[in-house]
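Engineer: structure here, sequence nowhere to be found:
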């Protein structure tokens with residue numbers, strides 16, 4: 001597949017790439033992805049060009065190629081990655097901690113681009129920015145071709161939260177940070193706004209990567225954590241992330257499954273908090289017993305996406321106390337980027353590992 005180079009508006013710095021960058025382009029359900037060559041990019045003043053070390057396949061990517069989620073085409077999928085800074089725009093760029101990014105820094109980055117100036121960004125809701133853009137979900141076009149993680153490089157735009165990460169941590173641990181880990185951190189942090197987690201009982205519904213990560217984070221906050229999932233193997237895997245059995249009603253329920261809203265609302269203790277994370281599937285719709293929730297003083301909160309502070313905290317967790325947990329084992333297979341179609345089928349098959357990884361040039 002060829003590519004038409006369109007120069008975006010505004011001041012730009014041209015960066016030639018030798019060899020050319022490559023990106024896998026999804027053209028629609030049932031069609032094989034095609035490889036495009038990108039011989040150069042035009043970086044805006046505070047853009048960052050990252051060479052991808054590893055990307056992982058999220059459930060959202062699988063649902064998109066299966067036709068279960070609408071998306072514009074052509075599209076470079078992928079939003080969970082770790083990589084290395086190889087170029088910046090003329091004004092440079094800063095990490096979330098305020099320090100300048102340098103060539104060679106190993107980084108993870110948010111899946112979204114926010115303006116930083118609208119009312120939602122001002123309220124700390126940058127993931128709902130009125131000018132929101134999303135890596136791996138937005139059509140290739142005016143912002144270039146390197147807009148998703150299933151590529152050798154990603155062009156990060158100003159307004160992307162970028163976090164520097166340690167050299168010693170395996171890529172398989174770090175790649176999911178920008179989706180699963182940060183989302184789990186945001187969910188647990190939301191529960192902690194209402195409930196003192198130290199000594200609390202927490203039930204997590206769903207033993208996907210977000211669920212088991214939330215279990216480990218809650219356990220490190222002092223909670224007793226139970227993970228519920230119909231899959232025996234996943235429940236067993238969750239036990240390696242601090243999950244055990246509860247002997248009382250949970251003070252907080254975190255639903256990461258998207259299917260178990262009724263169970264979450266019915267099972268939480270009086271005065272407890274229910275956190276609904278990410279997507280909610282239509283089949284999960286339940287009649288809302290408002291009077292029951294009011295009488296039991298239940299708080300219901302939604303968490304969709306995360307903020308820059310959540311991403312930084314997630315990366316810090318993985319670099320610190322999270323080292324005690326086998327996050328690297330969640331990546332059950334590592335495939336070449338060129339084998340993306342087979343890897344997506346593998347990731348969506350029954351009994352699939354929590355994550356399948358893609359590596360450029362493997």
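Structural biologist: Looks like it came in fine. Keep in mind that this is a model prediction, so the values were computed, not measured. Numbers count the residues shown, from 1 in each chain.

Engineer: could you list the low-confidence segments of the stretch 201-350 of the chain?
Structural biologist: For the stretch 201-350 of the chain, residues meeting the criterion pLDDT under 70 lie at 281-285.

Engineer: which residues in it form strands?
Structural biologist: Secondary structure of the stretch 201-350 of the chain, counting by DSSP state E, counting those that start in this stretch: strands at 201-205, 224-228, 252-255, 273-277, 299-303, 331-336.

Engineer: right, and the helix or strand after the host helix or strand of residue 174?
Structural biologist: Secondary structure assignment for residue 174, by DSSP states H and E: helix 171-174. Per DSSP H and E, the first helix or strand lying C-terminal to helix 171-174 is helix 180-194.

Engineer: got the buried residues for that following helix?
Structural biologist: 180-192 (16 or more other Cβ atoms under 10 Å). Using the backbone N, CA and C atoms, a C-beta is placed for each residue, glycine as well.

Engineer: now, which of the residues you listed sits nearest residue 14?
Structural biologist: residue 182 (32.5 Å; Cβ to Cβ).

Engineer: against residue 232, how distant is the closest one?
Structural biologist: 28 Å (Cβ to Cβ, to the nearest Å).

Engineer: what do you get for residue 50?
Structural biologist: On the measure of Cβ to Cβ, residue 50 and residue 232 end up 39 Å apart.

Engineer: more neighbours: those two, which one.
Structural biologist: residue 50 (28 against 8; other Cβ atoms under 10 Å).

Engineer: these two touch, right, the more buried one and residue 151?
Structural biologist: No. Judged on Cβ atoms under 8 Å, residue 50 makes no contact with residue 151 at a distance of 10.0 Å.

Engineer: what is the neighbour count of the spatially closest residue to residue 94 that is not a sequence neighbour?
Structural biologist: Leaving aside its sequence neighbours, residue 94 sits nearest to residue 100 (Cβ to Cβ, 6 or more residues apart in numbering; 5.7 Å). Neighbour count of residue 100, defined by other Cβ under 10 Å: 10.

Engineer: residues contacting residue 100?
Structural biologist: 92, 93, 94 (Cβ atoms under 8 Å, 6 or more residues apart in numbering).

Engineer: buried subset of the residues you listed as a PyMOL selection?
Structural biologist: Of the contacts of residue 100, the buried ones can be selected in PyMOL as follows, counting by 16+ other Cβ under 10 Å:
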select buried, resi 93
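
Engineer: what's the closest of the contacts of residue 100 to residue 348?
Structural biologist: Closest approach to residue 348 among the contacts of residue 100 (Cβ to Cβ): residue 93, at 35.0 Å.

Engineer: could you measure from the closest one over to residue 49?
Structural biologist: From residue 93 across to residue 49, the span is 10 Å (Cβ to Cβ).

Engineer: nearest the middle, which residue of this protein would you pick?
Structural biologist: Centrality entry for the chain: nearest residue to the mean C-alpha point is residue 179, 0.9 Å, by Cα atoms, centre = their mean.

Engineer: residue 211 versus the closest residue to that one other than its chain neighbours, what's the distance?
Structural biologist: Nearest residue to residue 179, sequence neighbours excluded (Cβ to Cβ, 6+ apart): residue 80, at 4.6 Å. Applying Cβ to Cβ, the value for residue 80 to residue 211 is 16 Å.

Engineer: equivalent analysis for residue 22, please.
Structural biologist: For residue 22 relative to residue 211 (Cβ to Cβ), the value is 34 Å.

Engineer: kindly report the same for residue 337.
Structural biologist: From residue 337 to residue 211 the distance is 28 Å (Cβ to Cβ).

Engineer: same deal with residue 130?
Structural biologist: Residue 130 is 31 Å from residue 211, by Cβ to Cβ.

Engineer: between the two, which one's more packed in?
Structural biologist: Using other Cβ under 10 Å as the criterion, residue 130 and residue 211 rank with residue 211 on top: 27 against 11.

Engineer: for the more buried one, give me its contacts.
Structural biologist: 184, 204, 205, 227, 229, 238, 254, 256, 257.

Engineer: shouldn't the fourth one be in contact with residue 243?
Structural biologist: What that stands for is residue 227. Yes. Between residue 227 and residue 243 there is a contact at 4.0 Å, judged by Cβ under 8 Å.

Engineer: helices along the stretch 201-350 of the chain, start to end?
Structural biologist: Using DSSP state H, counting those that start in this stretch, the helices of the stretch 201-350 of the chain run over residues 209-220, 232-238, 261-267, 290-295, 308-319, 340-347.

Engineer: which stretch among those comes nearest residue 145?
Structural biologist: helix 340-347 (15.7 Å).

Engineer: buried sites along the closest one?
Structural biologist: Neighbour counts using 16+ other Cβ under 10 Å place 340, 343, 344, 346, 347 of helix 340-347 among the buried residues.

Engineer: ok, stretch 76-95 next?
Structural biologist: 76-83, 85, 87-89, 93, 95.

Engineer: all set, thanks.
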